[in-house]
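Asker: build me a structure from this.
(chains A and B)
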Amino acid sequence: MTAIKTQKMTKVYNGVTVVNGIDLKVEKGEIFGFLGRNGAGKSTFINMLTGIAKPTSGSFTLLGGDSKTTDVKRRTGVMPDYSTFYGSTTALEHLRFFASLSGKPASKSVCMEALEAVGLAEHANKKAGKFSFGMKKKLGVAQAIIHDPDLLFLDEPTSGMDAESGIQIQRLIRSLHEKGKTIFLTSHNLDEVEKLCTRIAIMKEGRIVKIGTMDELRAFYRTNIIVKIRHSPIPVSEAPKLHQWLESKGADVQFSDERTIITVDGDKKIAEITRAFTACKTDIYRVEVEEPTLEEIFLD
Amino acid sequence: MVAICKREFFQLLKGVKAILIILLFLVTAYYSAKFAEPLAAIVEISTKDASVVGLMFLILCFGQLFVTSLSHDSINREIHERTMRFLVTKTSRPSILYGKFFGIWLFWFVSLFISFLIISIITKQINILIFTQTMSLLTLQVAFVLCLSVLISKPSVTMFLGIIGSIIFPILGGWLVLTTNPAISWLKYVTPYYYFDKSEYTFVVVLVLAGLLVYLANLVFKRREC
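Answerer: Here you go, the predicted structure:
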């Protein structure tokens, strides 16, 4: 089942196209990561999907229905990018209000569970006006999950949080995923996206420039694989032949007695190289492959 | 809608400004009732009408100011501070607007009801017509303030325009009711003050005007970015 489906979603502000005809499908049960530099249009895209902003053109459905209907809203949880809370209202009161607003009134114990999940239980009766930025972020996550939604939009859920809180939220996201929730998140933390997301889209200047699983993205960008091989000394009789062959197969070849480094453009060549070493009576002890990280893909 | 209505109502009740206004209502109601008989003798009206004339005068002259001071930023403050984002992602925009409207309306209904109750206890008379007339005026004032809060994005501007409107409307409304100039006197039909001159139920027109304002506010709010 498709959780999010957009068709030619476009947003224009004062003649500037911020989101440019995005077609996207997110299946139920995915953790979908949305990456992009500041101003790429990520938050505008989320804002359109969640009803905060209206698309200039294009259409979309959430959980197979119209996002404006009460049923879909009740099954959707949203943590907007930058939001303040009611300064004179406590964390617990916020959750009770938001839960009843979502049509699923929550008891005190349910609210406390949500606060516990984000690490705010001890501040349940503290007014939000006294919260730090990180605490507001946590409350933002808690209010998004308080009505047990099927689809969750999290706009930079861990930014501004300390490392420990960030890990706690990542664990929470994983546990929600295990319960079958669909999660659509944006983050500037590439490591977090790489660890959490089942699929990733990279957005640039209002368009999705690349989309796929981490492996698919890596394969696409894997034109320069650096292979480091630790091996036994190459027999003198075989060395010139092997060196010549390796230079024909890859680039930037560096030889030493027990170590060879070579840059190749595909996985198959790694297998060919290991076979060549064996054929030249050289034992291979270790093969290290340096793959492109999400950061390298992102910055490409 | 109910959750927003409840929150708006209780948030209004908690405010210092609201408590002061309720106290003013209650004091006016008490003294209106207490001096109803001497007043009735002076201005030649029934004791029943004289008992509520003070409260009605207060709302006719200052009602708009009271409503503005408490609720001028009911919508735009939430948009400005981005708390509206939590609301629009959880419920429909009409629910938010109607919830706000009924929450504010309920606050004024309760305030006025208690005031009339005090008058009724003292004078042992109930004036339903004037109560409903006054409540219809407050309904229009609430609708106007809510509409202003949707149309204008800055809370400081709604406060300024609200106060200007609160001063001008009673004066302009009174003048339109009294003027004999045929070129502009027709405008009296769109002011609530005209309908208070009559001891009948034509004030329903005021409720229709309020309905139109809320409808307009809803049209604009549905298109608003939050």
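Asker: flag the shaky bits of the chain, pLDDT-wise.
Answerer: Assuming you mean chain A. Within chain A, the stretches with pLDDT under 70 are A:221-223, A:292-300.
Asker: wrong one, chain B
Answerer: Judged by pLDDT under 70, chain B has its weakly predicted residues at B:40-41, B:43-48, B:199.
Asker: can you map out the strands along the chain?
Answerer: Picked chain A for this. Here chain A has its strands, by DSSP state E, at A:2-13, A:16-27, A:31-36, A:57-62, A:76-79, A:151-155, A:182-186, A:199-204, A:207-212, A:225-231, A:251-255, A:259-264, A:284-290.
Asker: and if you look at chain B?
Answerer: Using DSSP E, no strands are found in chain B.
Asker: got the residues of it near chain A?
Answerer: Within chain B, the positions adjacent to chain A are B:2-4, B:7, B:81-83, B:85-92, B:223, B:225-226 by Cβ under 8 Å from any Cβ of the partner chain. All C-beta spots, glycine's among them, are computed from the backbone N, C-alpha and C.
Asker: which among these end up buried?
Answerer: Applying a neighbour-count criterion of 16 or more other Cβ atoms under 10 Å in any protein chain shown, the buried members of the residues of chain B next to chain A are B:3-4, B:7, B:81-83, B:85-92, B:226.
Asker: angles on the backbone of residue A:233, please.
Answerer: For residue A:233, the backbone dihedrals are phi -60, psi 140 (criterion: degrees, to the nearest 10).
Asker: state the distance from it to chain B.
Answerer: Per Cβ to the nearest Cβ, to the nearest Å, residue A:233 is found 66 Å from chain B.
Asker: now swap in residue A:133 and tell me
Answerer: Residue A:133 is 14 Å from chain B, by Cβ to the nearest Cβ.
Asker: for that residue, which non-adjacent residue is closest in space?
Answerer: Spatial nearest neighbour of residue A:133, chain neighbours left out: residue A:160 (4.6 Å); criterion: Cβ to Cβ, 6 or more residues apart in numbering or on different chains.
Asker: how far away is that neighbour from residue A:2?
Answerer: Using Cβ to Cβ, to the nearest Å, residue A:160 is found at 32 Å from residue A:2.
Asker: in the stretch 151-300 of chain A, which residue sits closest to chain B?
Answerer: Nearest residue of the stretch 151-300 of chain A to chain B: residue A:153, at 8.1 Å (Cβ to the nearest Cβ).
Asker: skipping adjacent residues, who's closest to that residue in space?
Answerer: Nearest non-adjacent residue to residue A:153, counting by Cβ to Cβ, 6+ apart: residue A:78, 4.7 Å away.
Asker: what is the burial count for that neighbour?
Answerer: 27 (other Cβ atoms under 10 Å in any protein chain shown).
Asker: ok, it touching residue A:50?
Answerer: Yes: with contact defined as Cβ atoms under 8 Å, residue A:78 reaches residue A:50; the gap is 4.6 Å.
Asker: what sits in contact with each of these two?
Answerer: Common contact partners of residue A:78 and residue A:50 (Cβ atoms under 8 Å, 6 or more residues apart in numbering or on different chains): A:153, B:89.
Asker: now residue B:91, what are its backbone angles?
Answerer: According to degrees, to the nearest 10, residue B:91 has phi -150, psi 170.
Asker: any idea what sits nearest it, other than its immediate chain neighbours?
Answerer: Leaving aside its sequence neighbours, residue B:91 sits nearest to residue A:101 (Cβ to Cβ, 6+ apart; 5.5 Å).
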